[in-house]
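Undergrad: Provide a 3D model corresponding to the input given below.
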Amino acid sequence: MAEENIINGIKKALEDSPDRNFNESLELAVNLRDIDLSNPDNRINEEIVLPNGRGKTIKVGVFGSGEMALNARDSADTVIEPEEIDELSDDKRRARKLAEEHEFFLAEPPLMPVIGRELGAILGPKGKMPNPVTPNMDIKDTINSLKNTVHVRSRDRMTFHAPIGTEKMSIEELADNASTIIRRITMNLERREMNIKSVYIKTTMGPAVRIM
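TA: Purely as a prediction, here's the structure:
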């Protein structure tokens, strides 16, 4: 896709959006075609690091203990130690709030089965099951990377959305982020661009602008 189309689309989306008293997000709306999404292997399910970040604060939670929990405290927004998992399982309201407030979770591998059993029904449908932290990963670097990451999921729907940033970011930064997402999505489609019917850009409250 031509970079000029993306830039012009972002400009128009911003121009057409009514003034709001908050920092509006911008997102892509991608429409697929000629692909069987009833087959999970064909679905889009990608974590994509945006070169210019999200333009807003993204919260990351960590399930961990001991040294890992200690190392995570400076970077993670919330650290959940093993004994708290049972407490969250018993307090569904608190568990749902935790899931809503955090975009991503990380966890020590030994805790993954417990998290799946106790919190999977809450985290799973939201696509927020934790990523395991392997011994060679720097927990602080991983957390900081996730704060610039978007989780793009199509599930079984032919239309899905992906955030590219906020209106306070520059046009060039937003275009770069959008291009990164589109390239990554396209690479995962069997027929590449032929499986994309259309792509739109819109602000939170504004009309959609077609760019492809």
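
Undergrad: now the helices for this protein?
TA: 3-16, 66-72, 82-90, 92-101, 112-123, 139-146, 171-187 (DSSP state H).

Undergrad: the last one vs helix 3-16, what angle?
TA: Orientation note: helix 171-187 sits at an angle of 120 degrees relative to helix 3-16 (axes from the mean of the first three to the mean of the last three CA atoms, to 10 degrees).

Undergrad: who does helix 171-187 touch, helix- and strand-wise?
TA: Under the contact definition 3 or more CB pairs under 8 Å, 6 or more residues apart in numbering; DSSP states H and E, helix 171-187 sits against helix 3-16, strand 25-32, strand 45-49, strand 149-153, strand 159-166, strand 196-203. Glycine gets a C-beta too; all of them are placed from N, C-alpha and C.

Undergrad: which strands or helices does the worst-scoring helix or strand of the chain on mean pLDDT pack on?
TA: Every helix and strand of the chain was ranked by mean pLDDT, DSSP states H and E. The lowest is helix 66-72, at a mean of 92. Packing contacts for helix 66-72, counted by 3+ CB pairs under 8 Å, 6+ apart, involve strand 60-63, helix 139-146.

Undergrad: hey, C-alpha coordinates of that helix in PDB?
TA: Extracted in PDB, the C-alpha atoms of helix 66-72 (Å, rounded to 0.1, in the frame of the first residue of the first chain):
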ATOM      1  CA  GLY A  66      10.800 -14.200  44.100                       C
ATOM      2  CA  GLU A  67      13.500 -12.500  42.000                       C
ATOM      3  CA  MET A  68      11.300 -12.200  38.900                       C
ATOM      4  CA  ALA A  69       8.600 -10.300  40.900                       C
ATOM      5  CA  LEU A  70      11.300  -8.100  42.400                       C
ATOM      6  CA  ASN A  71      12.800  -7.300  39.000                       C
ATOM      7  CA  ALA A  72       9.400  -6.600  37.500                       C
END
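
Undergrad: JSON lines for the helices and strands packed on helix 66-72, including mean pLDDT, distance to L26 and mean neighbour count?
TA: Shown next, in JSON lines, are the helices and strands packed on helix 66-72 (pLDDT from 0 to 100; distance: least, CB to CB, whole Å; neighbours: other CB atoms under 10 Å):
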{"stretch": "strand 60-63", "mean pLDDT": "97", "distance to L26": "22", "mean neighbour count": "25"}
{"stretch": "helix 139-146", "mean pLDDT": "95", "distance to L26": "20", "mean neighbour count": "17"}
